[in-house]
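*Asks:* Pasting the sequence and the predicted coordinates here, then a few questions.
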Amino acid sequence: MSMLEMDSERAPKEDLSQIEDILRNISSKELKRRIEYFNKNYKTFDSDDIYERIKDVILVQVGALRMGAFPAQEKEYSTTGIFYRARIWHEEFKDLPESEFWAAPGEKIKSYGRINRPSQGLLYTSEGQIHTTFAEVRANPKSNVLLMAYQSKDTLTVGTMGNRFGADLSSDAKKKLALIRKFINKNLLAAGEGAYLFSSEFTNTMMNFSPDGWAYPSALCPGGENVCFRPESQQKLELLEVFAFSGTENGQPAPVGYFLQKLDGHYEYQADAEAAAARLRDFILKHRRLTFSNDRSTLEQRKTVRTTTNLIP
């Protein structure tokens, strides 16, 4: 069983031809039926069979094989890019070890997240937007929140869902691919009980082709972009700042302090709201976006790194 994962604009003609051959073996009506069945029965699926259920929608019988295609891309972030992470803090602010500001170890992860499986410690960040990362942790006016700011020390390559395929495909193939893309995106960004089962299994299996992690739109902050890093890719990031927030001021999250690293590696809490606000303001000005393009961030180079054909067990 094989799955084509390729850039929507730069796919070689031989790959486009293979997509056409695959999709001739299923009608739009049958594809819609599969999608409707999955969406209707999704809450009855469990972690043991969700992967097979996803393949039952996407893969098509071609002779003795099952094959499928969906638009997928790799995206590069250049060095010096800024990523933010927020974390709800349920205690009073105090001195902390640096480990508290990175991804939790796998043994502490007990449930599925948007990308992670249980026991999989991933670093969830937002691409250069503080308000996105606050929205992602569902911070409210009374929340105590830690805000971490990281800077990339090296080029980072992450996987993301692709856009539309190029003009070289037939209208029938484009229609079917659009159905598949809509199905994937809807379930990737779904909310509610059990929603993370699809997103975590799909990204860890069918989108497990990029070295540093995954990028995906925020479901809670329109226009926001999230980036989830693998544990081994954290070494490509540098922790620049840690701020503490409590409550709001004029409707905006209000910093009440910040952390400074000591010689022993621990971070000492500075309970100085005025200094924290000035420090945060200076940091944002220093690292602000220079343009407001359709790509949303000057971090992002938005280019396909490779076009791949991967086998799926």
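*Replies:* Yep, it's here.
*Asks:* quick one: low-confidence parts of the protein?
*Replies:* Residue ranges of the chain with pLDDT under 70: 1-13, 163-167, 251, 289-313.
*Asks:* which one in it is furthest away from the centre?
*Replies:* Residue distances from the centre of the chain (C-alpha atoms, centre = their mean) peak at residue 63, which lies 35.2 Å from the mean C-alpha position.
*Asks:* Quick one: the strands in the stretch 101-250 of the chain, in order.
*Replies:* Under the criterion DSSP state E, counting those that start in this stretch, strands of the stretch 101-250 of the chain are mapped to 123-127, 144-152, 156-161, 213-217, 225-229, 237-249.
*Asks:* Export those strands as CSV, with columns for mean neighbour count and distance to residue 199.
*Replies:* Every residue, glycine included, has its C-beta placed from N, CA and C. Output for the strands of the stretch 101-250 of the chain, formatted as CSV (neighbours: other C-beta atoms under 10 Å; distance: least, C-beta to C-beta, whole Å):
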stretch, mean neighbour count, distance to residue 199
strand 123-127, 23, 12
strand 144-152, 20, 23
strand 156-161, 22, 11
strand 213-217, 22, 8
strand 225-229, 24, 10
strand 237-249, 18, 23
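*Asks:* Columns distance to residue 95 on top of those, output as CSV?
*Replies:* Formatted as CSV, the strands of the stretch 101-250 of the chain follow (distance: least, C-beta to C-beta, whole Å):
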stretch, distance to residue 95
strand 123-127, 22
strand 144-152, 13
strand 156-161, 30
strand 213-217, 30
strand 225-229, 26
strand 237-249, 11
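*Asks:* Identify whichever of those lies nearest to residue 269.
*Replies:* The closest of the strands of the stretch 101-250 of the chain to residue 269 is strand 237-249. By C-beta to C-beta, the value is 7.0 Å.
*Asks:* can you list contacts of the closest one?
*Replies:* By C-beta atoms under 8 Å, 6 or more residues apart in numbering, the residues outside strand 237-249 that reach it are 82-83, 89, 93, 98, 101-102, 123, 139, 141-153, 229, 253-259, 267, 269, 276, 279-280, 283.
*Asks:* so how far is stretch 55-74 off the chain centroid?
*Replies:* Distance of stretch 55-74 from the chain centroid (C-alpha atoms, centre = their mean, to the nearest Å) equals 22 Å.
*Asks:* Pull out the buried positions in that stretch.
*Replies:* By 16 or more other C-beta atoms under 10 Å, the buried positions in stretch 55-74 come out as 55, 57-60, 62, 66-74.
*Asks:* Residue 221 versus the nearest residue to residue 31 once chain neighbours are set aside, what's the distance?
*Replies:* Of all residues beyond its chain neighbours, the one nearest residue 31 is residue 179 (5.3 Å), with distances taken as C-beta to C-beta, 6 or more residues apart in numbering. Residue 179 sits 27 Å away from residue 221, going by C-beta to C-beta, to the nearest Å.
*Asks:* same question, residue 91
*Replies:* Per C-beta to C-beta, residue 91 is found 26 Å from residue 221.
*Asks:* Those two: which has the busier surroundings?
*Replies:* Each of residue 91 and residue 221 has its neighbours counted (other C-beta atoms under 10 Å); residue 221 has more, 17 against 7.
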